[in-house]
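*Asks:* The following block contains a protein sequence and its predicted model.
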Amino acid sequence: MDKPELLVMGELPDWDLDPMAGRYTLHLLYGAKNPEALLAACAPRISGIVTKGEIGASAALMERLPQLGIVACYGVGVDAIDRAWCAARGIPVTNTPDVLTEDVADMAFALLLGVARQIPQADAWVRDGRWGRECSMPLTTRVWGRRLGVVGLGRIGRAVARRAEGFGMTIAYSGRTPKPDVPYAYHPTPAALAPHCEIMICCAMGGAATEGLIDRAAIEALPPGAIFVNVSRGSCVDEAALLAALRQGRIALAGLDVFRNEPGIDPEFTTLPNVLLAPHAASGTVETRRAMGALMQANLAAHFAGQPLPTEIRP
Ligand code: 8YV
């Protein structure tokens, strides 16, 4: 029997591509010299899309794939996949939840500690000899014991909150509904949460429902000197308002792993001395990426074997 043909939208490690190439015919769109020609040649035979959180799959693309039977996402966030289009055609969408939760929460704290304690600057202080010439580096700001607001208390938000407990922080959160099983203070919106936090960490899921969730009102309601961290999606934030607050120092510091229009982010971010930037790398450990790949492959294998899908997202 012919191998199923998959359209691979973004770069994947060889430890995934190699075993997948044994089971499927892979068409690597991201590496193609002429993606349009590649697509035109393989579109009629594509029975699955393999994509990533930040790339997704548009209706315009999927319309061109008459045999499409599954969209498997290497990532938990499926906001860039047109799920309504898939649902209307009974095409399952799978993701990779849980396996990346703790690493993303680690990255939130890495960015928070890195920007608050000025770790990149400390490293430069040692490397360029200022330690010897000027002695101590400028003082930084404390993280432990501060008031934390988590925007979105889902799996990742809860993992962030668990870490914050270990840091002796006072924890509050915002989200669509209060969670009955947590002792943290609830506020319905980021704007309502903001006055209660010295540190705000965005863990909300992306998509239309959270577009601009952390709006100008929320950003302006943060107390002067607040720290902002984002490990979810750039789309959750009014970036113009965030940049203005950072420029003026109303938000003192930010640690950002995600942006609008990645990787072509607003260049002003790279000019600000008070931000610590990462290239959407929160899930990027060997351990987690191996687990994400395995789960994505398990979903594909189940689909093509006619078995229940391990992590299908219900429409
Ligand atoms: C990316 C993510 O998918 O899980 C998500 O939603 O955004 C990330 O884990 C990852 O960078 C793979 O591209």
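*Replies:* Yep, it's here. Values in this document were obtained by computation on a predicted structure and should not be read as measured data.
*Asks:* my read: residue 207 touches residue 81, true?
*Replies:* No - between residue 207 and residue 81 there is no contact under Cβ atoms under 8 Å: 9.6 Å. The way it works is simple: take the backbone N, C-alpha and C, and place the C-beta from them, glycine included.
*Asks:* what about these two, which has more around it?
*Replies:* Using other Cβ atoms under 10 Å, the more surrounded residue of residue 207 and residue 81 is residue 81, with 25 against 16.
*Asks:* Identify the residues contacting the more buried one.
*Replies:* Shown in contact with residue 81 (Cβ atoms under 8 Å, 6 or more residues apart in numbering): 51, 56, 57, 71, 73, 93.
*Asks:* can you pull out the strands in this structure?
*Replies:* In the chain, the segments counted as strands under DSSP state E are 5-8, 25-28, 46-52, 70-74, 93-94, 147-151, 170-174, 185-187, 199-202, 226-230, 251-256, 275-277, 312-313.
*Asks:* tell me the angle the longest one makes with strand 70-74.
*Replies:* Direction vectors for strand 46-52 and strand 70-74, defined by axes from the mean of the first three to the mean of the last three Cα atoms, to 10 degrees, enclose an angle of 20 degrees.
*Asks:* from the middle of its chain, how far away would strand 46-52 be?
*Replies:* Mean-position distance between strand 46-52 and its chain equals 20 Å (Cα atoms, centre = their mean, to the nearest Å).
*Asks:* need the residues of the chain near the ligand, please.
*Replies:* When proximity is defined by Cβ under 6 Å from any ligand atom, the chain lies next to the ligand at 52, 53, 54, 74, 75, 76, 77, 100, 280, 283.
*Asks:* Phi first, then psi, for the second one.
*Replies:* This points to residue 53. phi -50, psi -50 (degrees, to the nearest 10).
*Asks:* And for it, nearest residue in space, chain neighbours not counted?
*Replies:* Computed as Cβ to Cβ, 6 or more residues apart in numbering, the closest residue to residue 53 that is not its neighbour in sequence is residue 75, at 2.9 Å.
*Asks:* now the helices: where do they sit in the stretch 151-300 of the chain?
*Replies:* Ranges of helices in the stretch 151-300 of the chain, per DSSP state H, counting those that start in this stretch, are 155-166, 190-193, 216-221, 239-248, 286-304.
*Asks:* got the CA coordinates for the fourth one in PDB?
*Replies:* By that I understand helix 239-248. Extracted in PDB, the C-alpha atoms of helix 239-248 (Å, rounded to 0.1, in the frame of the first residue of the first chain):
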ATOM      1  CA  GLU A 239       2.200  45.500  21.900                       C
ATOM      2  CA  ALA A 240       2.000  49.200  21.100                       C
ATOM      3  CA  ALA A 241       0.800  49.800  24.700                       C
ATOM      4  CA  LEU A 242       3.500  47.400  26.100                       C
ATOM      5  CA  LEU A 243       6.200  49.100  24.100                       C
ATOM      6  CA  ALA A 244       5.100  52.600  25.300                       C
ATOM      7  CA  ALA A 245       5.000  51.400  28.900                       C
ATOM      8  CA  LEU A 246       8.500  49.900  28.600                       C
ATOM      9  CA  ARG A 247       9.800  53.000  26.800                       C
ATOM     10  CA  GLN A 248       8.500  55.200  29.600                       C
END
